[in-house]
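Visitor: Okay, here's the prediction I keep looking at, along with the sequence it came from:
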Number of protein chains: 2
Amino acid sequence: MKNVFTRDIAVRFEENPLLTPSDIKPSSKNLVVVGLMNPAVFRFNKKTWLLVRVAQRPHQQHGFITFPVSMDNGEIETLTYPNSDPKLDLSDPRKIRYDGRDYLTTHSYLKLMCSDEGREFYEPENYVPIFGSSELESYGIEDCRVTEIDEIYYLTYTMVSAYGVGVGLMKTRDWKRFERKGMILPPHNKDCAIFELKFRDRYYALHRPSSTEFGGNYIWLAESPDAVHWGNHQCIATTRENMWDSARIGAGCSPVKTPKGWLIIYHGADASNRYCLGAILLSIHEPWIVIGRSSSPLMEPTEEYELKGFFGNVIFTNGHLVVGDKLHLYYGASDEVICGADLSIQEILDSLDLENK
Amino acid sequence: MKNVFTRDIAVRFEENPLLTPSDIKPSSKNLVVVGLMNPAVFRFNKKTWLLVRVAQRPHQQHGFITFPVSMDNGEIETLTYPNSDPKLDLSDPRKIRYDGRDYLTTHSYLKLMCSDEGREFYEPENYVPIFGSSELESYGIEDCRVTEIDEIYYLTYTMVSAYGVGVGLMKTRDWKRFERKGMILPPHNKDCAIFELKFRDRYYALHRPSSTEFGGNYIWLAESPDAVHWGNHQCIATTRENMWDSARIGAGCSPVKTPKGWLIIYHGADASNRYCLGAILLSIHEPWIVIGRSSSPLMEPTEEYELKGFFGNVIFTNGHLVVGDKLHLYYGASDEVICGADLSIQEILDSLDLENK
């Protein structure tokens, strides 16, 4: 369903898609890269870096389904069942349900890619990939946000395991040594982005808990003395019935401080799992108060690579760079490739609805 | 289904039930008290105190359903619909589903009751009830745990609203002035109990997040520098297939320090929503490691007041006192009345299964 009020104001990069699965070798020979997506974006050593989610799956044999179940520094164990097994439910390409239990069809890790001008990316030398390593990451790690505060990079990412889906934190200064701080937000939680500025001597973060009863998939705000321990959780934005963001919403990366307030780029999905991007503006001094919000998407799947892929009809972002009025936004398209687009911050601010928040 | 290995080792109080809905006046005349249940238990001023959950609902008219939707210092707004409304789903006595949205049939607040010997409870003078007051408590507050550390009482309780179900914290020294610290664990979360002893300069707590995919209703451990901000979440115990605790588990109150380890009394429910109590033993120095666990319930619904009530077949505890080897345990029965039972700590420890954890 195309929203008649849609006004997609993004200028997509001519080079799109910037990165595709064929650009990366599998981490072991029994695996295939099925998606490069949802990168964190940051500046480091005068270059633009992406921290890319690489989704891999085992080679498949005809008539059977093989899926990853565990990993230890890149090694992935697999389970194989005949497609005809009545205990198998393969209706969602991202998940496998077997005997009442959910597994992922793919296993993700995070890989650094580097660029001089932000369009052409290459593998940097002497930087190793980041794999999940704890029991809470046995189904992989996904969709990292990177926030730089006082020359320390904070990586907030999704930990996936049979115990649930939660938010993990790592810290690094040099992208070679990482301090792993464990799970900072318990299940079910993802889409966590730490603000670039501390205020009232506190770290602030957006996050997206999900509810099994009451509530839904909403954006919340939390605060912390140390970025490791979080409290004072407040719901700041909910899904909106019969709109493009009716089923779930989640923050992109760290909010942009503008004269009008904190600007969040967020994703919204409807019941058909169509993912678009919109914006939310928060009060500068009271960031739990929403001032404005996109009534129609800023970006919605329109290009071939956004409409079709591993999981089509998806635009998802968790990283951008701010240069003057420009937002250089990177995004995963169709859960398969990485793309970029430029947006004007002023145009976004001008487009916000001050009523329907 | 009665577990053939069941060995209910609790000695129920002869006075059971200790408190019933008729013992408490409604907080306003358009309300009815339908349940007194799930009390926190603590010692204060040389007396035994219960912090009782009082569940109220509006008076019902024949042919209509009326339910509470919001409250402000005891005032509850109501919605009324004809029972025949096709948008109504009344299949669960605890919840109302209307037009795709969930509401509670009842609205809870917390009330102090007091006793000299722990069997006969009366309303103390000059102590007011605790009502939910924030937007995150608009459907009420429930099932408080009380932990005393350095003469400060920490109240961890369930906040319920349209935004979701999470854990709130209040602190008090005198039970007259309360410092409200907001939501400390975001949705979906409940059953939070803070340890009575800090170690490694950290507070520890058990809690029960729920998952919408992967994971389940498991018991987790978290740590905090200040009891307000929480991190390092670890899953310590899961539900067990085909057992009495197959559907959901949650900690009772603060663990008991024994020479063998930290002893947790917990509730477990199966798919039929039958709630029993069991125990988990954690390593003293590494409380994320489970040493032993009850294969069969320590307590299961057997008495008339445990089998039948507002929501029958339920034994639920979130409070006990330790006196020597005795655990004076208080519990909600059938989500309607408050009861007590004595258990021997040594007998519980002896009953634990060291294999099936």
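Guide: Yes, it's here.
Visitor: And the helices in chain A, which stretches?
Guide: Counting by DSSP state H, chain A has these helices, from start to end: A:304-307, A:345-351.
Visitor: Could you list the contact residues of the stretch 51-200 of chain A toward chain B?
Guide: Remark: the part of the stretch 51-200 of chain A in contact with chain B comprises A:95, A:102, A:136, A:139, A:160-166, A:181-189, using C-beta under 8 Å from any C-beta of the partner chain. In this view, the C-beta of every residue, glycine as well, is placed from N, C-alpha and C.
Visitor: redo that, cut-off 6 Å
Guide: A:D102, A:Y163, A:G164, A:V165, A:G182, A:M183, A:I184, A:P186, A:P187, A:H188 (C-beta under 6 Å from any C-beta of the partner chain).
Visitor: same thing with the stretch 201-350 of chain A?
Guide: Residues of the stretch 201-350 of chain A lying near chain B (C-beta under 6 Å from any C-beta): A:209-215, A:220, A:224-225, A:228-233, A:235.
Visitor: which of those residues count as buried?
Guide: The neighbour count (16 or more other C-beta atoms under 10 Å in any protein chain shown) marks A:209-212, A:214-215, A:220, A:224-225, A:228-233, A:235 as buried among those.
Visitor: tell me the least confident of these?
Guide: Taking those together, the minimum pLDDT is found at A:T212 (79).
Visitor: I'd say that one and B:S210 touch.
Guide: Yes - if you go by C-beta atoms under 6 Å, A:T212 and B:S210 touch, sitting 4.6 Å apart.
Visitor: Need the residues touching each of these two.
Guide: Overlap of the contact sets of A:T212 and B:S210 (by C-beta atoms under 6 Å, 6 or more residues apart in numbering or on different chains) consists of B:H188.
Visitor: Give me the contacts around stretch A:199-213.
Guide: By C-beta under 6 Å, 6+ apart, the surrounding residues in contact with stretch A:199-213 are A:185, A:188-195, A:217, A:219-220, A:222-224, A:227, A:250-251, B:102, B:164, B:186-188, B:210, B:212.
Visitor: If you could redo that for stretch A:43-50, that was the one I meant.
Guide: Outside stretch A:43-50, the residues that touch it by C-beta under 6 Å, 6+ apart are A:P39, A:V41, A:F42, A:M113, A:C114, A:S115, A:G118.
Visitor: same thing with stretch A:51-66?
Guide: Here stretch A:51-66 makes contact (C-beta under 6 Å, 6+ apart) with A:24, A:26, A:30-40, A:78, A:80-83, A:105-113, A:142-144.
Visitor: what about 7 Å?
Guide: Applying C-beta atoms under 7 Å, 6 or more residues apart in numbering or on different chains, the contact partners of stretch A:51-66 are A:19, A:24, A:26-27, A:30-40, A:67-68, A:78, A:80-83, A:88, A:90, A:96, A:105-113, A:142-144, A:146, A:338.
Visitor: How far does that stretch sit from its chain's centre?
Guide: Offset of stretch A:51-66 from its chain centre (C-alpha atoms, centre = their mean, to the nearest Å): 20 Å.
Visitor: Same list, the helices of chain A, but as CSV with mean pLDDT please.
Guide: Shown next, in CSV, are the helices of chain A (pLDDT from 0 to 100):
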stretch, mean pLDDT
helix A:304-307, 97
helix A:345-351, 96
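Visitor: among the ones you listed, which is the most enclosed?
Guide: Among the helices of chain A, ranked by average contacts under mean count of other C-beta atoms under 10 Å in any protein chain shown, first place goes to helix A:304-307 (a mean of 18).
Visitor: Only C-alpha atoms, please: export that helix in PDB.
Guide: Output in PDB follows, covering the C-alpha atoms of helix A:304-307 (Å, rounded to 0.1, in the frame of the first residue of the first chain):
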ATOM      1  CA  GLU A 304      14.800  -2.500  -7.400                       C
ATOM      2  CA  TYR A 305      17.400  -3.200  -4.700                       C
ATOM      3  CA  GLU A 306      15.000  -2.000  -2.000                       C
ATOM      4  CA  LEU A 307      12.100  -3.900  -3.300                       C
END
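Visitor: Give me the distance between the closest residue to A:S161 other than its chain neighbours and chain B.
Guide: Excluding its sequence neighbours, the residue lying closest to A:S161 (C-beta to C-beta, 6 or more residues apart in numbering or on different chains) is A:S138, at 4.5 Å. Taking C-beta to the nearest C-beta, to the nearest Å as the measure, A:S138 falls 10 Å from chain B.
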